[in-house]
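Participant: What shape does this take:
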Amino acid sequence: MSTLALDIREDDLSGPEIRSLLALHLAGMLETSPPGTSYALDLSGLQTPDISVWSAWLGNELAGCGALKEIAPGWGEIKSMRTADGHLRKGVAAALLDHIIATAKSRNYNRLSLETGTSAEFAAATALYRKRGFVDGLLFGDYRPSPHNQFLHLDL
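Facilitator: Residues are numbered from 1 along each chain as shown. Coordinates of the predicted model:
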């Protein structure tokens, strides 16, 4: 568990800071993924009733964000995990991931899944997921197999 003193709160996505961070996240995913292999959601894709988004604040600075989508009863998917550039390697992503896992458990989910890239840019995130117990697994949902995508799962 992370010991970073962050204020993690559910976000309605109306603030300029979160909108800017999500735009940066989407642009980065499109830039580092071959065409047709990025499944990052844009702002409107995150504003649906089946998705909860959290922002992590350190004082009045946005440090990161993450989302949880219910893809089936008892099954959630992690989406839009992003740490703000000025807060990398401080434990922001770990704190957000721990919060999302705890929320999934409180919602009685049996499984959490995620899709992420396979290139070097995704190595730190993949290492964090594995440290929290996520393991390689089959693709799910509407994803398509490719050498540029990997699918991780955590049984809760």
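
Participant: and residue 64, that one's in a helix?
Facilitator: No - looking at residue 64 with DSSP: H, G, I helix; E, B strand; the rest coil, it is strand, so not inside a helix.

Participant: wait, what's in contact with it?
Facilitator: By C-beta atoms under 8 Å, 6 or more residues apart in numbering, the residues touching residue 64 are 21, 55, 56, 81, 82, 83, 84, 87, 92, 93, 96. (Each C-beta comes from the backbone N, C-alpha and C, glycine too.)

Participant: Spell out for me which residue occupies the centre of the protein.
Facilitator: When C-alpha atoms, centre = their mean is applied to the chain, the residue found nearest the centroid is residue 81 (2.8 Å).

Participant: which non-adjacent residue is nearest that residue?
Facilitator: Of all residues not flanking residue 81 in the chain, residue 66 sits nearest, at 4.5 Å (C-beta to C-beta, 6 or more residues apart in numbering).

Participant: So in that sheet, which strands flank the strand or helix carrying residue 9, and in what orientation?
Facilitator: Using DSSP states H and E, residue 9 falls within strand 7-10. Pairing partners of strand 7-10, with direction, according to DSSP bridges: strand 51-58 (antiparallel).

Participant: quick one: average pLDDT of the partner strand?
Facilitator: Strand 51-58 shows a mean pLDDT of 97.

Participant: try stretch 85-101
Facilitator: 95.

Participant: Please apply the same query to stretch 117-125.
Facilitator: 93.

Participant: Count the residues that sit near the closest residue to residue 30 other than its chain neighbours.
Facilitator: Distances taken as C-beta to C-beta, 6+ apart put residue 38 closest to residue 30, at 5.3 Å, once the chain neighbours are dropped. Residue 38: 17 surrounding residues under other C-beta atoms under 10 Å.

Participant: Before I go, just wanted to say thanks for your time.
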